[in-house]
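*Asks:* give me the fold of what follows.
(one chain, ligands or ions: 1)
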Amino acid sequence: MLVNLNDVLRQAQKEHYAVGLFNTHDTDMLEAAISAAEEARSPIVIGTAEVLLPFGDLPLISPSLIAAAKRASVPVVVHYDHGLTFDRTLEAMKMGFSSVMFDASVKPYEENISETREIVKIAHSLGISVEGEIGHVGQTSTGDEGNDAMYTTVEEAVEFQKATGVDALAVSVGTAHGVYKAKPKLNLERLRDIRTALDTPLVLHGGSGLSDDDFRNAIRDGIAKLNIHTDLCLAGMRAMRAQCAKLDPEHPVTSDYLETRNAKVAEIKACVLNKLQLFGSVGKA
Ligand SMILES: [Zn+2]
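*Replies:* Below is the predicted model:
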């Protein structure tokens, strides 16, 4: 069933587990994520992000995401991750996404507040949930995970939520997007301080590459939503490489493609199942 973030994150926060967001910008990833969630009887967040649109056109992928969520036997949020522009974020809402993230975290603080507030006003009038970001979760490619100048402060988090009315808040406490070069170090003390000061569900981006203990500690200290994308790409590539190594390039057949595709879906599904276990959301649907 299609739900929004408020339908799943409040319960997660109360019962101390996290709901995973798995970006699924093609129908292979979509099939893998939904079947994993149904098998695990777990709520799940699927979707795409503005930077991923070149790899899965929004008008093309949206109907599949929404149909899959409506058909699923578990609660599924269809979330537009890292909306960077008003136009594309509104387009996602018009296409039926049940949730959006609006990310103006690289802009000056006041602009981040005023733009996010505007999105919240429109989204809430349509029953759509909104995630915002304060502090900035950067990229591993530029080493942003170690830059504590980007970390969210308690004061900013409280003020930002009050001023915008976001339903969930992405915080920067030591993670970044992409493949980590060195083991990231989470600032759990900062996370606990934000959690104590603020009742809004908190989100951790850049989850791919964290250790099992990092996930457990982050959930224990107040994270209710965890974002995974890179790990799905790595899992899919691993399966395709292994499958391709078995093929005979001298005698190509149709099943080379079909079986490689199925192996990819199976490996991505296994990756999602593993994360659902780790996040504690198995059996919560
Ligand atoms: Zn992110």
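
*Asks:* tell me where the chain has strands.
*Replies:* 2-3, 19-23, 44-49, 76-83, 99-102, 129-134, 168-171, 202-204, 223-228 (DSSP state E).

*Asks:* check which helices and strands the longest one sits against.
*Replies:* Under the contact criterion of 3 or more Cβ pairs under 8 Å, 6 or more residues apart in numbering; DSSP states H and E, the helices and strands touching strand 76-83 comprise strand 2-3, helix 5-15, strand 19-23, strand 44-49, helix 58-71, helix 86-94, strand 99-102. The way it works is simple: take the backbone N, C-alpha and C, and place the C-beta from them, glycine included.

*Asks:* could you check the angle helix 58-71 makes with it?
*Replies:* 150 degrees (axes from the mean of the first three to the mean of the last three Cα atoms, to 10 degrees).

*Asks:* and for the third one?
*Replies:* Taking the same axes, to 10 degrees, one finds strand 44-49 and helix 58-71 inclined to each other by 170 degrees.

*Asks:* so what strands line up beside strand 44-49?
*Replies:* As defined by DSSP bridges, the strand partners of strand 44-49 come to strand 19-23 (parallel), strand 76-83 (parallel).

*Asks:* now swap in the shortest one and tell me
*Replies:* With DSSP bridges as the test, strand 2-3 is paired with strand 76-83 (parallel).

*Asks:* the fifth one now?
*Replies:* When sheet partners are counted by DSSP bridges, strand 99-102 sits next to strand 76-83 (parallel), strand 129-134 (parallel).

*Asks:* including distance to residue 129, could the strands paired with strand 44-49 go into JSON lines?
*Replies:* Shown next, in JSON lines, are the strands paired with strand 44-49 (distance: least, Cβ to Cβ, whole Å):
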{"stretch": "strand 19-23", "distance to residue 129": "12"}
{"stretch": "strand 76-83", "distance to residue 129": "8"}
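
*Asks:* follow-up on the earlier one: as TSV, the helices and strands packed on strand 76-83 with distance to residue 269 would be great.
*Replies:* Shown next, in TSV, are the helices and strands packed on strand 76-83 (distance: least, Cβ to Cβ, whole Å):
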stretch	distance to residue 269
strand 2-3	21
helix 5-15	20
strand 19-23	10
strand 44-49	12
helix 58-71	14
helix 86-94	25
strand 99-102	23
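
*Asks:* and residue 255, which of the strands of the chain is closest to it?
*Replies:* strand 19-23 (27.7 Å; Cβ to Cβ).

*Asks:* about what we covered before: export the strands paired with strand 44-49 to a markdown table and tack on mean pLDDT and distance to residue 169?
*Replies:* Shown next, in a markdown table, are the strands paired with strand 44-49 (pLDDT from 0 to 100; distance: least, Cβ to Cβ, whole Å):
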| stretch | mean pLDDT | distance to residue 169 |
| --- | --- | --- |
| strand 19-23 | 98 | 14 |
| strand 76-83 | 98 | 14 |
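
*Asks:* and those as JSON lines, adding distance to residue 219 and mean neighbour count?
*Replies:* Below are those laid out as JSON lines (distance: least, Cβ to Cβ, whole Å; neighbours: other Cβ atoms under 10 Å):
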{"stretch": "strand 19-23", "distance to residue 219": "10", "mean neighbour count": "26"}
{"stretch": "strand 76-83", "distance to residue 219": "18", "mean neighbour count": "27"}
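
*Asks:* which among those is found nearest to residue 145?
*Replies:* strand 76-83 (16.9 Å).

*Asks:* may I see the strands paired with strand 99-102 organised as CSV, with distance to residue 144 added?
*Replies:* Listed next are the strands paired with strand 99-102 as CSV, based on distance: least, Cβ to Cβ, whole Å:
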stretch, distance to residue 144
strand 76-83, 14
strand 129-134, 13
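
*Asks:* tell me, how many residues neighbour the closest residue in space to residue 90 that isn't next to it in sequence?
*Replies:* Leaving aside its sequence neighbours, residue 90 sits nearest to residue 122 (Cβ to Cβ, 6 or more residues apart in numbering; 7.1 Å). Using other Cβ atoms under 10 Å, the number of residues around residue 122 comes to 15.

*Asks:* for residue 122, report the pLDDT, please.
*Replies:* The per-residue pLDDT reported for residue 122 equals 98.

*Asks:* farthest from the middle of this protein: give me that residue.
*Replies:* For the chain, the residue at maximal distance from the C-alpha centroid (Cα atoms, centre = their mean) is residue 250, at 41.0 Å.

*Asks:* related to what we said a few turns ago, which one, of the strands paired with strand 44-49, ends up nearest to residue 55?
*Replies:* strand 19-23 (9.9 Å).

*Asks:* done for today, thanks.
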